[in-house]
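Visitor: Can you look at this prediction? I've put the sequence above it.
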Amino acid sequence: MTGFWQLLSDGKIGTEKSNGKSSTSERHPYQVAFFYQINGKNYIYAHSTNTLKWYIKELSDNGKIGEETASGIRENSYHVAFPFKIEGRTYYYAQNVDSNCWYIQELIEGGQLGEETDQGQWLNAYHVALPFTINGKTFHYGHNIDSNYWFIQELLEGGKMGEETANGTWQNAHHVSFPYHIKDKHYFYMHNTTNRCWWIAELHSNGAIGQETARGNWKSSFQVSIPFQINEKVYYYAHNTHTKHWYIQELTQDGKMGSKSANGTWRNSYPVIFAAKIKNKSFIYAQCYE
């Protein structure tokens, strides 16, 4: 089951609009999903790492999941994926963390897949992979949760992988993370679900990680986290898939944690989640396997 909720201007969460059920998502629950936009149209890409199925669906202006525009079966599963834009064109990156193979493919109008633009094989698995854009440059961040190694590599026009801009090794692995920006400041939130520590570091326009701006420990771990922006404020949603507890907390411009604006406990666990902003309205979408 896929559910979606509107996110409100005061950092609260609205009531469920629709359960978003569809024959496709019921037959093929997905473990990987993301939202993207092309020429004012809104889409979701979803992929099952179990069945290898993938599909694209359009989202309506009120957030409802619409008709399927494309679908197929991959030769391999891809456990990590994210979309990105360069020079007005939209692409997505995907990686298999067992074989370490990766590829980049264009996303085109009409909710279709375009040509593959780049591919390769890493020496190591990168269980965490995320994009961020600063001053017109887009970068790919990768992290291995076993060795704690991380690197940043630029993404180039035409959907190509560029040169490495930074690398290092964290003191702790982070299993959950996301980049975000507030005005002209860019940050990276990281959370280790084993020892429950979290920290925030600044991101620089040359594709490097700057100083740590905040650090702490949660009382419990949160396996799912995602940021969202409403008006000028940035929040993030976090969910413990074991206890089903969730909360929303503000992120401040100086790279610190603000106050919590909402919390609760779901009836179900939602291990897969993504956010979407449609016509100045923000939504979160969540997949439940129960």
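Guide: Structure received.
Visitor: hey, where'd the strands end up in the stretch 101-250 of the chain?
Guide: When secondary structure is read from DSSP state E, counting those that start in this stretch, the stretch 101-250 of the chain shows strands at 101-108, 112-121, 128-134, 137-143, 149-156, 160-169, 176-182, 185-191, 197-203, 209-217, 224-230, 233-239, 245-251.
Visitor: Go through the helix or strand that the last one is followed by and flag the buried ones.
Guide: By that I understand strand 245-251. Moving toward the C-terminus from strand 245-251, the next helix or strand (DSSP states H and E) is strand 257-265. Burial within strand 257-265, assessed by neighbour count using 16 or more other Cβ atoms under 10 Å, is assigned to 257, 261-262. Heads up, the C-betas are built off the backbone N, CA and C, glycines and all.
Visitor: Any chance you could list what contacts strand 257-265?
Guide: Residues lying outside strand 257-265 but in contact with it, judged by Cβ atoms under 8 Å, 6 or more residues apart in numbering, are 10-13, 200, 214, 216, 235, 243-252.
Visitor: go on, stretch 123-130?
Guide: Contacting residues not belonging to stretch 123-130 are listed as 79-82, 93, 95, 97-98, 100, 140-147, 149, 174-175, 177-179 [Cβ under 8 Å, 6+ apart].
Visitor: Please pick the buried ones from those.
Guide: Neighbour counting with 16+ other Cβ under 10 Å marks 79-82, 93, 95, 97, 140-145, 149, 174-175, 177-179 as buried within the contacts of stretch 123-130.
Visitor: In the protein, where is pLDDT below threshold?
Guide: 1, 17-28, 289-290 (pLDDT under 70).
Visitor: what about 50?
Guide: Of all residues in the chain, those with pLDDT under 50 make up the ranges 19-20, 22-25.
Visitor: Just give me the neighbour total for the nearest residue to Gly159 once chain neighbours are set aside.
Guide: If you skip the residues right next to it in sequence, Gly159 has Thr117 as its closest partner in space, 3.1 Å away by Cβ to Cβ, 6 or more residues apart in numbering. Neighbour count of Thr117, defined by other Cβ atoms under 10 Å: 16.
Visitor: quick one: contacts for Thr117?
Guide: When contacts are counted by Cβ under 8 Å, 6+ apart, Thr117 touches 91, 104-106, 158-160.
Visitor: so how far is Leu155 from it?
Guide: Thr117 is 10 Å from Leu155, where distance means Cβ to Cβ, to the nearest Å.
Visitor: overlap in contacts of those two?
Guide: A shared contact of Thr117 and Leu155, defined by Cβ under 8 Å, 6+ apart, is any residue touching both; here these are 91, 104.
Visitor: possible to save the strands of the stretch 101-250 of the chain as TSV with distance to Ser60?
Guide: Formatted as TSV, the entries for the strands of the stretch 101-250 of the chain read as follows, by distance: least, Cβ to Cβ, whole Å:
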stretch	distance to Ser60
strand 101-108	19
strand 112-121	18
strand 128-134	26
strand 137-143	28
strand 149-156	30
strand 160-169	34
strand 176-182	26
strand 185-191	30
strand 197-203	33
strand 209-217	38
strand 224-230	19
strand 233-239	22
strand 245-251	24
